[in-house]
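1. Need a 3D model of the sequence below.
(2 chains)
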Amino acid sequence: AQKITQTQPGMFVQEKEAVTLDCTYDTSDPSYGLFWYKQPSSGEMIFLIYQGSYDQQNATEGRYSLNFQKARKSANLVISASQLGDSAMYFCAMREGYSGGGADGLTFGKGTHLIIQP
Amino acid sequence: DAGITQSPRHKVTETGTPVTLRCHQTENHRYMYWYRQDPGHGLRLIHYSYGVKDTDKGEVSDGYSVSRSKTEDFLLTLESATSSQTSVYFCATQGPGQRGSGANVLTFGAGSRLTVL
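-> Residues are numbered from 1 along each chain as shown, chains lettered A, B, ... in the order given. Here you go, the predicted model:
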């Protein structure tokens, strides 16, 4: 079973609209961390935002926020006021166990290709 | 950002030849990782290292080996490359989170595109 599911392979959004990218996860570990990365067409992986399983509030980072619904095992990325430069692949990822760190790497979803239209 | 350099950035090779990809970091991070990225699969973990000479397998380790003789260097070797190993390979290190996120995040190198003919 997939640990990270991103159900939207691709999305088209008008510039300045808000965008929600879906991510659901599967784990039985009570301690975990959820991450979002952006990969523009140039190929680099850019860390956007993090949410720990014990965090009481949804994470925010500038125009990015994470809509964390623990009971539904959902960690959707919300981008407010989208810009042309937001066009990229977006990956949701999870670390199980000690959410803040540890040797284990991240498990990634398959990604969502977001295209912002003018 | 962690200074992570991958080499080579691009390589074309033939089936059956050995290939070594190098990852060099300047941040003294303990943990290092090799991922491969393929369309429709996202990023999948190949091997990781939790210290000098300490490595472990990831999700897709068959056909790959790694070595870490120094903190700063993590090598990925394909002993006998196959066409199924055509991919983009990313090295990553784990270090303190940015902007007080409270988590150790993975920082990635620029990637190495490998084509096996």
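2. Tell me the residues of chain B that contact chain A?
-> Within chain B, the positions adjacent to chain A are B:31, B:33, B:35, B:40-45, B:48, B:50, B:56, B:58-59, B:88, B:90, B:92, B:94, B:97-99, B:101-108, B:110-111 by C-beta under 8 Å from any C-beta of the partner chain. Backbone N, C-alpha and C define where each C-beta goes, glycine included.
3. rerun that using 6 Å as the cut-off
-> By the rule C-beta under 6 Å from any C-beta of the partner chain, the part of chain B lying against chain A is B:31, B:33, B:42-43, B:45, B:48, B:50, B:101, B:103-106, B:108, B:110-111.
4. you'd agree residue B:84 is in a helix?
-> Yes. Residue state for residue B:84 (DSSP: H, G, I helix; E, B strand; the rest coil) corresponds to a helix.
5. Please report the distance of it from chain A.
-> 18 Å (C-beta to the nearest C-beta, to the nearest Å).
6. and that residue, what does it touch?
-> If you count contacts by C-beta atoms under 6 Å, 6 or more residues apart in numbering or on different chains, residue B:84 has none.
7. count of neighbours near residue B:79?
-> The tally of other residues near residue B:79 (other C-beta atoms under 10 Å in any protein chain shown) stands at 12.
8. so how far is chain A from it?
-> The value you get for residue B:79 to chain A, if C-beta to the nearest C-beta is used, is 22 Å.
9. got the end-to-end distance for stretch A:74-87?
-> Stretch A:74-87 has its terminal residues 23 Å apart, counting by C-alpha to C-alpha, to the nearest Å.
10. any idea of the mean pLDDT for that stretch?
-> Mean pLDDT, stretch A:74-87: 97.
11. which outside residues touch it?
-> Contacts of stretch A:74-87 (C-beta under 6 Å, 6+ apart): A:13, A:16-24, A:34, A:36, A:63, A:65-68, A:115-116.
12. circling back: ranking by neighbours, what's the top pick from the residues of chain B next to chain A?
-> The most crowded member of these, judged by other C-beta under 10 Å, is residue B:43 (28 neighbours).
13. In terms of helices and strands, where is it?
-> strand B:42-51 (DSSP states H and E).
14. What of residue A:89?
-> Going by DSSP H and E, residue A:89 is in strand A:88-96.
15. Provide the secondary structure category for residue A:104.
-> Going by three-state DSSP: residue A:104 is coil.
16. any idea how far it lies from chain B?
-> 8 Å.
17. what ranges do the strands span in chain B?
-> B:4-7, B:10-13, B:19-25, B:31-38, B:42-51, B:54-57, B:64-70, B:73-78, B:87-96, B:104-108, B:112-116 (DSSP state E).
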